[in-house]
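Chemist: Predicted model follows, preceded by the sequence.
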Amino acid sequence: MKLPLRAAIGLLAAPLPVIALAVAPAAHAAVQPSARVALRSDVLPAAATAHATRTGQVAAGKGISVTVSLAQRDPAGLRTFLKQVTDPKSSQYKHYLTVKQFAARFGATAASAGQVTAYLKAQGLKVGAVSANGLTLTAVGTAAQVQKAFGTTLATYHDATTEQDFYANAAAPVLPAAIASAVTDVSGLSDYTKLHHYSSRNPQASSKAVSGLTPAKARSAYNVASAISSGYNGSGVTVGLLEFSGFTQSDVTAYDKYFSLSPSTPVVRSAGGGTTDKSGQDEVELDIEVVQALAPGAATKVYEAPNSDAGEVAVYAALVSDDVPVVSISWGTYEAGETASNRTALDTDFQEAAAQGQSVYSASGDSGSDDAGDGGTSVDFPASDTYVTGTGGTTLTTTSAGAWSKETAWSGSGGGVSSYFSTPSFQSSVNTGSYRDVPDVAADANPSSGWAIYTGGSWQEFGGTSAAAPNWAAFTAIYDSEASALGASGFGYANSTIYSLASSSSYSSAFHDAKSGSNGAYSAATGYDKVTGWGSYNGAGFLSAELG
């Protein structure tokens, strides 16, 4: 599924006149808005202007909430730390940081956060506390106050392609020169719906019958039944699900009751104000039910946020500040759909997740090699981020006894080459290009061989790479519960564990390799490929190779 281009209303990089500077020296004192500079960002695709028509201006008294991303302290030091903590040959391998340790070493300084806070308060905005990781803060005010604070106009628009009415900044936001370097992104100046989920329903499945992968079938196919029966069912592990929609608990309860599951009730964590929208209810319930099917002992925490750039930044900040050990993401957009400042802010969060040992999986998209839908090749974000494990899709075939028989590449599996992230060291053995390849792994995503899911009061069969991401997240919870029992290290930053094992002699026993099929521009092959990555996991083989 693709996301239409955002209208030409994001954070632009237009230069502005610079005049004399007058700044209060104390961190807690108000910064005077004299010399002002534009924040770093990019010009949105010119094609977007053809879809959006400016219709007016936001009412001066309308309430606006923004999320401000603060510049990271010592980025070079963080890169060095990440290289060490993710390198299996390093003595620091998997010696991860806590959130408090990360904030102390790499979060914004108290002085810079204080100056930004003081400036926003001086503009009449109500400013919240800095997040636990020291990298974001929220501010609320009227449209008039927000426009004054960021030196821009909030205009209203109509997108003819999506028939969406929205507001956004008409020019680049600017800040006093004294604090501009302390801010990497300001989100919330637009309420444009920007993210899509990647679940697909099998239209041939009856809503009156259970069709597709059941918990028992999935456990057999991915060879985790023995681990679960031994008590390694995700107990003691929390799986965080990132969502931009609400869900109906009664659907999840009906699923659990039908399959005699007794997991804990999902806990909702609101970020950026949460959401009352339920348009993606089927996605959220798919994610929850897949995790509960494979890791019924895990605690499930559903992070809900508005579907906007402010909601996106706020929810990732919450996930890393809470240090959730395993994260599944089923929402994204083509890489160019993010502004440069948004990508910078979110990449900072993903770096933190890696530094803290969080395993983060993201669906790679359901549009094959053309994620942007413009006839070219492009990949999905955040699956393309170096510190995220992009999860592609396969078509699963099982034996009559329910065991794994084969997997082939699903044609919708998002994959290809990033346009923004350089080739990471962990991928150097399989990627000789300059930019990162996507995805890293895969799992069943074809709706015709998909999951039996209860949603909207009936049974459906769902696929999409949105089913693959929580599948890997659930397996990671199983892994972590066994590792804990054995006194071993948890999965941690997933790409380190995955690429190290996949490059070893245990590859054929730990993974199911998808060797045929394509996603358009790329074809599956033996070993790593740009359609299914290394393939899916063979649970027992993977656990044995890593944990003994």
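Modeler: Everything's here; your move. Source: prediction; values computed, not measured.

Chemist: From Y528, how far off is S518?
Modeler: 15 Å (CB to CB, to the nearest Å). C-beta coordinates here come from the backbone N, C-alpha and C atoms, glycine included.

Chemist: of those two, who's got more company?
Modeler: Shown here are S518 and Y528; by other CB atoms under 10 Å, Y528 has more neighbours (23 against 20).

Chemist: show me where pLDDT drops low in this protein?
Modeler: Within the chain, the segments meeting pLDDT under 70 span 1-35, 39-50.

Chemist: Spell out, range by range, the strands that occur in the stretch 201-350 of the chain.
Modeler: For the stretch 201-350 of the chain, strands defined by DSSP state E, counting those that start in this stretch occupy the ranges 238-243, 267-270, 299-304, 326-329, 331-334.

Chemist: which strands and helices sit next to the first one?
Modeler: Put plainly, it is strand 238-243. Under the contact criterion of 3 or more CB pairs under 8 Å, 6 or more residues apart in numbering; DSSP states H and E, strand 238-243 touches helix 281-294, strand 299-304, helix 309-322, strand 326-329, helix 465-486.

Chemist: Over to the fourth one?
Modeler: Under the contact criterion of 3+ CB pairs under 8 Å, 6+ apart, the helices and strands touching strand 326-329 comprise strand 238-243, strand 359-363, helix 465-486.

Chemist: partners of it in the sheet?
Modeler: strand 238-243 (parallel), strand 359-363 (parallel) (DSSP bridges).

Chemist: between the ones you listed, which one is nearest to P424?
Modeler: Closest to P424 of the strands paired with strand 326-329 is strand 359-363 (CB to CB; 14.2 Å).

Chemist: ok, then the element right after the closest one?
Modeler: strand 380-381 (DSSP states H and E).

Chemist: and the helix or strand that that following strand is followed by, what does it pack onto?
Modeler: Sequence-wise, the next helix or strand downstream of strand 380-381 (DSSP H and E) is strand 389-398. Secondary-structure packing of strand 389-398 (3+ CB pairs under 8 Å, 6+ apart): helix 215-221, strand 359-363, strand 404-409, strand 441-444, helix 465-486, helix 494-502.

Chemist: Tell me which residues are up against stretch 120-134.
Modeler: With contact meaning CB atoms under 8 Å, 6 or more residues apart in numbering, stretch 120-134 is reached by 30-31, 33, 68, 70, 99-100, 102-103, 106-108, 113, 117, 136-142, 145-146, 148-149, 317-318, 320-322, 349, 352.

Chemist: got the buried residues for stretch 504-517?
Modeler: For stretch 504-517, a neighbour-count test (16 or more other CB atoms under 10 Å) marks S506, Y507, A510, F511, H512, D513, A514, K515, G517 as buried.

Chemist: As TSV, the strands of the stretch 201-350 of the chain with distance to Y192 would be great.
Modeler: Formatted as TSV, the strands of the stretch 201-350 of the chain follow (distance: least, CB to CB, whole Å):
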stretch	distance to Y192
strand 238-243	18
strand 267-270	21
strand 299-304	19
strand 326-329	20
strand 331-334	11
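
Chemist: which one of the ones you listed has the most crowded surroundings?
Modeler: Stretch with highest mean neighbour count among the strands of the stretch 201-350 of the chain: strand 326-329 (a mean of 30; mean count of other CB atoms under 10 Å).

Chemist: so how far is it from its chain's centroid?
Modeler: 7 Å (CA atoms, centre = their mean, to the nearest Å).

Chemist: How about stretch 476-495?
Modeler: From the chain centre to the centre of stretch 476-495 is a distance of 21 Å (CA atoms, centre = their mean).

Chemist: And that stretch, what's buried?
Modeler: Of the residues in stretch 476-495, those buried (16+ other CB under 10 Å) are 476-483, 489-495.

Chemist: CA atoms only for that stretch, dumped as CSV, please.
Modeler: Written as CSV, here are the backbone C-alpha positions of stretch 476-495 (Å, rounded to 0.1, in the frame of the first residue of the first chain):
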residue,chain,number,x,y,z
THR,A,476,12.2,-12.6,19.8
ALA,A,477,10.0,-12.6,23.0
ILE,A,478,10.3,-16.4,23.0
TYR,A,479,14.1,-16.1,22.5
ASP,A,480,14.4,-13.6,25.3
SER,A,481,12.4,-15.7,27.8
GLU,A,482,14.6,-18.7,27.1
ALA,A,483,17.8,-16.6,27.3
SER,A,484,16.7,-15.2,30.7
ALA,A,485,16.1,-18.7,32.0
LEU,A,486,19.6,-19.7,30.9
GLY,A,487,21.3,-16.6,32.1
ALA,A,488,22.3,-15.7,28.6
SER,A,489,22.1,-12.4,26.8
GLY,A,490,18.8,-11.4,25.2
PHE,A,491,18.3,-10.8,21.5
GLY,A,492,19.2,-7.1,21.7
TYR,A,493,19.8,-5.0,18.6
ALA,A,494,18.3,-7.5,16.2
ASN,A,495,20.4,-6.9,13.1
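
Chemist: if we can go back for a sec, turn the strands paired with strand 326-329 into JSON lines, columns for distance to D277.
Modeler: Shown next, in JSON lines, are those (distance: least, CB to CB, whole Å):
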{"stretch": "strand 238-243", "distance to D277": "10"}
{"stretch": "strand 359-363", "distance to D277": "19"}
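
Chemist: Nearest approach to L213 belongs to which of those?
Modeler: When the strands paired with strand 326-329 are compared by CB to CB, strand 359-363 sits nearest L213, at 16.8 Å.

Chemist: Using CSV, write down the CA coordinates of that closest one.
Modeler: Written as CSV, here are the backbone C-alpha positions of strand 359-363 (Å, rounded to 0.1, in the frame of the first residue of the first chain):
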residue,chain,number,x,y,z
SER,A,359,14.9,-5.3,19.1
VAL,A,360,12.9,-3.2,16.6
TYR,A,361,11.1,-4.8,13.7
SER,A,362,9.3,-2.9,10.9
ALA,A,363,7.1,-4.0,8.0
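
Chemist: Provide the angle between the direction of it and the direction of strand 389-398.
Modeler: If you take axes from the mean of the first three to the mean of the last three CA atoms, to 10 degrees, strand 359-363 sits at 70 degrees to strand 389-398.

Chemist: where does strand 359-363 sit relative to the chain's centre, distance-wise?
Modeler: The answer for strand 359-363 is 7 Å, by CA atoms, centre = their mean.

Chemist: Going forward, count from 12.
Modeler: Got it, first residue is 12 now, which makes that one strand 370-374.

Chemist: how near is P214 to A122?
Modeler: For P214, the distance to A122 (CB to CB) stands at 58 Å.
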